[in-house]
Structure formats: C-alpha cells, structure tokens
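**Student:** sharing a model prediction with you, sequence too.
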4 protein chains.
Amino acid sequence: MNDFVPRDTEYEARVRASFARQRVMATIGAALARVVPGEVEIELLFREDLTQQHGYLHAGVVAAVVDSACGYAALTLAPAGAEVVSVEFKLNLLAPAVGERFVARARVKRAGRSITVCAGDLFAAAGGAEKAVATMLATMMTVAA
Amino acid sequence: MNDFVPRDTEYEARVRASFARQRVMATIGAALARVVPGEVEIELLFREDLTQQHGYLHAGVVAAVVDSACGYAALTLAPAGAEVVSVEFKLNLLAPAVGERFVARARVKRAGRSITVCAGDLFAAAGGAEKAVATMLATMMTVAA
Amino acid sequence: MNDFVPRDTEYEARVRASFARQRVMATIGAALARVVPGEVEIELLFREDLTQQHGYLHAGVVAAVVDSACGYAALTLAPAGAEVVSVEFKLNLLAPAVGERFVARARVKRAGRSITVCAGDLFAAAGGAEKAVATMLATMMTVAA
Amino acid sequence: MNDFVPRDTEYEARVRASFARQRVMATIGAALARVVPGEVEIELLFREDLTQQHGYLHAGVVAAVVDSACGYAALTLAPAGAEVVSVEFKLNLLAPAVGERFVARARVKRAGRSITVCAGDLFAAAGGAEKAVATMLATMMTVAA
C-alpha cells in the first residue's frame, strides 16, 4: 500500500477504459493487471514475433509496456476529465528479456499539477521468482482532455 | 556524407542480415532503408493497430524503430564479428506521431571501443515535408558475438 | 542562423539578467557568451577545483553549464514575463573533460507552449579545434513568473 | 541491508580515497557519509553560492552529488584495482532544492561485469523529515585502472 489519494474516485475505470483504447496493447498481447492509486501493473506473455535479433523481447516492446504502466500510474492520480501524455522516458536494459511471462510495474514518484514523474520496471517471472530486466524513469504531463 | 570509416567492409550486409532477424520489425511493418557508415534509416507506415489511446503511434513503437536505427548505426562501425546491444536510451516525444509514413534516422555521435553514443529522430513524412515527432539519445555497447 | 522567432524582443537582456542571478555560474567561473533565438553558449575555463578523481571536469560541472545553456536557449523563445525551469535532463559523457577552455552550446529542438525540448553539447576547445566531450537532451518547462 | 557481496573487502577505503580525490566535492562542501556494499550516501549543506536564479541549488550541483553517489555505489561492488566511470545519467528535478541540508542516496540496481546501473535520489532534510527533490537513473562502467 502507499499514501496516494486519488482525486477521482473512478480512477480505475478510467484507466481501464483508456488502456482498452491503446490498440497496440492488444496487438502485442499486453493485459492490464493491478490498478491502485499511484501504481499500475501490465502483464505481457513472451511471443517470438516481438523479438530482436537474439530472440529477446525488443527494447521497444519493453518500453511500450513500461511506458504505458507509468502513464497509467500517473492517470490514477489525475483529476476527473484530465488525460496524461508521455513527455519523455529513459529506459535501461538490465538483462536479456527472456522468459515466458513479464510484468511491468510502475509507481508515481512525484505527482505535480502538471508534471508527474514515474518509475517503472519490467520483471521476467518464472515460477515464483521475478528477475528485473529493465528499469524506466519517465516524465508524464497531465492535460485537460 | 560523414567522416566515419567502417572497420568491416561488409557492414551493410551485416546490418541488413541482423535487421531481418528482428522479428518485431516485420510484426510492426518496419523496413530498413538507408545504411551508410554511422547512419541508418528505418521506415514505418502508420497502422491503427500500433496506436495509443488518442490514435497516435504508441511511444513504444516509436522507441522500437528509433532504438533499432541507433543500434544499427552503431553496428555499421563495429568490427567484423562483433554485435551491438542497447544499454539504455532516452526518448522525448515532440509531437503527436500521426501521419502516413514515418522515418527513423539515427547517427553515431561518438564511437568508442566499447560504448557508442547515438542520436536518433523520428520524422512524420507528408508530401515532401518532414516533421520531427520524437528524438532519442542512446547508449549502445559493442560486444564480441 | 535558425528559424526561431522570439516572442519577447528583450530576450537577450532577460537571459543575461537571469544568468547573472545564477550564483553557481560565478562560483565555477562560467560566462554567458552567445545568445540568439533558440541558441545559447556558455564558456567555462578548466579549473582543478572542479575536477573528479582523474583530474577531468566532474560530470556535475558539465551538467551545470549544459543544463543552463539548454534552459536559456528555451528562455530566448519564452513570452515576456515567463520563466523556464528544468524538468529533467540526460547527459552522456563522450570523452574525458580535459582541456583549457570549454563551450556549452545548446539549441531548442521543439518549443511548445509548456514544454520545450533542448539539445546541448559540451566541447573542449584547443587552438581552433573543438572536441565534443558530452551531450545532453533536456526537457524544460515554461512557467508564469 | 541488502544482498550485495563486495568483491573487494577494502571497498570502503577505496571509495573514501577516491572521493577525497574528487576536488569538486570539497569545492561544494560535500561529504561522504554512509558506504556499504551497493549503497552510498553523500551529504551537502545548502550554500548560496551554489544556487540558480531562484535561490535553489542548481541542477548541476544536484547532479554532481547524486552522480558521485551512484558512481561510488557501483565502486563498492567492483573488483580490486578497477575503477568506475559515468557513462550517462538522467536526472529528474522533483521539487525546488531548498533547505539546510541535503543527502544524496544511491543504490545499485544491477551490477554487471562491465555495466552497472544505479538509482539515486536527493533528499532535503529538515528536522527528522526528508523530502525528495531529485531522482537519477545512471549507467556506470567498470574499467581496469
């Protein structure tokens, strides 16, 4: 649990509706999992058609799910009717993105009126263990819809 | 033109062969265009199944093509038999990624023995005009295959 | 030359007045040089009391002058009365920051109403030659004063 | 506590000796505090001669102490005789760097043979409370001395 207090009690429905409109998430098979104030998780199953030349998930696919998780973590704290857009992000690849199942986990580090800074990680899950394969620091902007 | 001198005369064939193994590039419909020492271009056509909630290309798709362009720009200068992996990248979104056709254009800023730093941009092309929609600064590492 | 049109004809005086209030610039001996719409240069002389453990300029000192150059490049395009603050920056170190004289050169890549993205470089100057020692990609925000 | 096992039992002496050679740390009045495997803290007192135009610590000064903390966190895990250099870092400014005392706290996120990724934060300390004012994600490289 964390201390974040959502300004819109419908935050989860809003996040889930927006995620459903991100068509690329369906294209890559990503699913929205946990949505709580300031924190969002997205799950992704490994697929060979998402890989780079060594058979790992391509960094762009990693970026896609972690960026979306960061953006939706920010959206959980935005006022009703506002939207969140990505200003920029930085992604470090920590280990080859191999495995069967991945989870992107993002959390708000600082929520401002306009700028929200989020951190996110991608973990490869196998059995009960998780291994970090990438980490992101992202800047989001809240804008009127 | 630029001043880069490739250490492997087969640099273009090597880049094209590696790109062909990046299965995600076929999945999103990206094509390798220009390959010269220190510079690489990748083209991408707009597709609705690659979009985020506002109908723009998702930032992860943008990252995918610009990161690959950066990595292959680095690979043009690597010695024969070496490979290039992404250490990290930072992507700024400059404008909504809308349009019919996009080109990612990357160039080496500094090629070291181990670390190569690249800059890349994504442009939306319409008619004869181009508009920058994103810019990346990326760190690549050359490793023995 | 570039295509930027300043919204405040007093942009140079405003930049120079703000720079004069950045007390750390005097502390490290940095001087504001060129100020044109969308582009700013800051000069710095090497000093041993600004070095890291190998005798090069510390990355924080490099960041200081390139970040200020980026921020003031953004400020040249801001409306009268507005201020610019750094949201974030990413700095790649390209070569050891050694030499007698350095110049940080920043330019606006995209100026928006709220967010301005700038690129900056630090060059070590010796004789008539310059060598890039660092490169930055930075996000600035324009705010009412 | 954490799980990191140093490869050089003299890691703390090595970190402290290197920090003492970073002349800029004395120039800005920074002091090395906690040094444990994979984690380092640096303290800094507010000084007006380190400020930007609004009277806050300049982002370059913030970057200096957080980057050094990240580098030394990496160095705690490096083999004897090796050195650590900064490849790049990204810094987000979260809040004005105002206060009397600051602490930069860095930790290793992933230590590889060549590349080590670290995260660091700067906190403004007042009374018993701390407030995050900046956060960094940094890439360090271990090199033979």
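**Tutor:** Right, received. Where do you want to start?

**Student:** when you work out contacts or count neighbours from here on, use the C-alpha atoms and nothing else.
**Tutor:** Noted.

**Student:** so which residue is dead centre in chain A?
**Tutor:** Nearest to the mean C-alpha position of chain A, by CA atoms, centre = their mean, lies A:Ala69 at 1.3 Å.

**Student:** now the strand or helix carrying that one against helix B:59-75, angle please.
**Tutor:** Using DSSP states H and E, A:Ala69 sits within helix A:59-75. Relative orientation of helix A:59-75 versus helix B:59-75 (axes from the mean of the first three to the mean of the last three CA atoms, to 10 degrees): 140 degrees.

**Student:** packing partners for helix A:59-75?
**Tutor:** helix A:11-21, strand A:30-36, strand A:39-45, strand A:82-93, strand A:101-111, strand A:115-126, strand A:129-144, helix B:59-75 (3 or more CA pairs under 8 Å, 6 or more residues apart in numbering or on different chains; DSSP states H and E).

**Student:** could you redo the last one with a cut-off of 6 Å?
**Tutor:** strand A:39-45, strand A:101-111, helix B:59-75 (3 or more CA pairs under 6 Å, 6 or more residues apart in numbering or on different chains; DSSP states H and E).

**Student:** can I get the ones you listed in JSON lines including mean pLDDT?
**Tutor:** What follows is the helices and strands packed on helix A:59-75, written out as JSON lines (pLDDT from 0 to 100):
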{"stretch": "strand A:39-45", "mean pLDDT": "98"}
{"stretch": "strand A:101-111", "mean pLDDT": "98"}
{"stretch": "helix B:59-75", "mean pLDDT": "98"}
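
**Student:** sorry, back to before: go ahead and confirm the residue nearest to the centre of chain A touches A:Val108.
**Tutor:** No: under the criterion of CA atoms under 6 Å, A:Ala69 is not in contact with A:Val108, lying 10.2 Å apart.

**Student:** how about A:Glu43: what's its closest non-neighbour residue?
**Tutor:** Counting by CA to CA, 6 or more residues apart in numbering or on different chains, A:Glu43 lies nearest to A:Val103, which is 4.5 Å off, once chain neighbours are set aside.

**Student:** I'd say the one you found and A:Asp121 touch.
**Tutor:** No: using CA under 6 Å, A:Val103 makes no contact with A:Asp121, being 8.2 Å away.

**Student:** enumerate the residues of chain A near chain B.
**Tutor:** Contact residues, chain A versus chain B (CA under 6 Å from any CA of the partner chain): A:18, A:21-24, A:49-53, A:60-61, A:63-64, A:87-93.

**Student:** check whether stretch A:121-138 contacts chain D.
**Tutor:** No: judged by CA under 6 Å from any CA, stretch A:121-138 and chain D are separated, with a smallest distance of 7.0 Å.

**Student:** avg pLDDT for that stretch?
**Tutor:** For stretch A:121-138, mean pLDDT is 95.

**Student:** return the distance of that stretch from the chain's centre.
**Tutor:** Distance of stretch A:121-138 from the chain centroid (CA atoms, centre = their mean, to the nearest Å) equals 12 Å.

**Student:** from the rest of the structure, what touches it?
**Tutor:** Residues outside stretch A:121-138 that contact it (CA atoms under 6 Å, 6 or more residues apart in numbering or on different chains) are A:88-95, A:97, A:99, A:101-105, A:117-120.

**Student:** give the buried residues for that stretch.
**Tutor:** By 16 or more other CA atoms under 10 Å in any protein chain shown, the buried positions in stretch A:121-138 come out as A:121-125, A:131-138.

**Student:** what does stretch A:89-109 give?
**Tutor:** For stretch A:89-109, by 16+ other CA under 10 Å, it's A:89-99, A:101-109.

**Student:** same check on stretch A:18-29?
**Tutor:** Those buried within stretch A:18-29 under the rule 16+ other CA under 10 Å are A:18-20, A:22-25, A:28.

**Student:** CSV please, covering those residues and showing distance to D:Val36.
**Tutor:** Below are the buried residues of stretch A:18-29 laid out as CSV (distance: CA to CA, whole Å):
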residue, distance to D:Val36
A:Ser18, 44
A:Phe19, 42
A:Ala20, 45
A:Gln22, 44
A:Arg23, 46
A:Val24, 43
A:Met25, 41
A:Ile28, 41
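
**Student:** between these, which sits nearest C:Ala145?
**Tutor:** Nearest to C:Ala145 out of these is A:Ser18 (CA to CA; 34.5 Å).

**Student:** gap between the closest one and A:Val84?
**Tutor:** 10 Å (CA to CA, to the nearest Å).

**Student:** does A:Ala78 count as helix, strand or coil?
**Tutor:** coil (DSSP: H, G, I helix; E, B strand; the rest coil).

**Student:** phi, psi for it please.
**Tutor:** phi -80, psi 150 (degrees, to the nearest 10).

**Student:** tell me how far it lies from chain B.
**Tutor:** 16 Å (CA to the nearest CA, to the nearest Å).

**Student:** now that residue: how far from chain D?
**Tutor:** A:Ala78 is 17 Å from chain D, by CA to the nearest CA.

**Student:** tell me how many other residues crowd that residue.
**Tutor:** Other residues near A:Ala78 come to 27 when the count uses other CA atoms under 10 Å in any protein chain shown.

**Student:** ok, and the closest non-adjacent residue to it?
**Tutor:** That would be A:Arg7: by CA to CA, 6+ apart, it lies 6.3 Å from A:Ala78.

**Student:** so the one you found touches A:Pro79, yeah?
**Tutor:** Yes: using CA under 6 Å, A:Arg7 is in contact with A:Pro79, at 5.3 Å.

**Student:** rewinding a little: kindly reformat the buried residues of stretch A:18-29 as CSV containing pLDDT.
**Tutor:** Shown next, in CSV, are the buried residues of stretch A:18-29 (pLDDT from 0 to 100):
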residue, pLDDT
A:Ser18, 98
A:Phe19, 98
A:Ala20, 98
A:Gln22, 98
A:Arg23, 98
A:Val24, 98
A:Met25, 98
A:Ile28, 98
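
**Student:** out of the residues you listed, which comes closest to B:Glu43?
**Tutor:** Nearest member of the buried residues of stretch A:18-29 to B:Glu43, counting by CA to CA, is A:Val24, at 18.1 Å.

**Student:** how about the secondary structure of the closest one?
**Tutor:** Three-state call for A:Val24 (three-state DSSP): helix.
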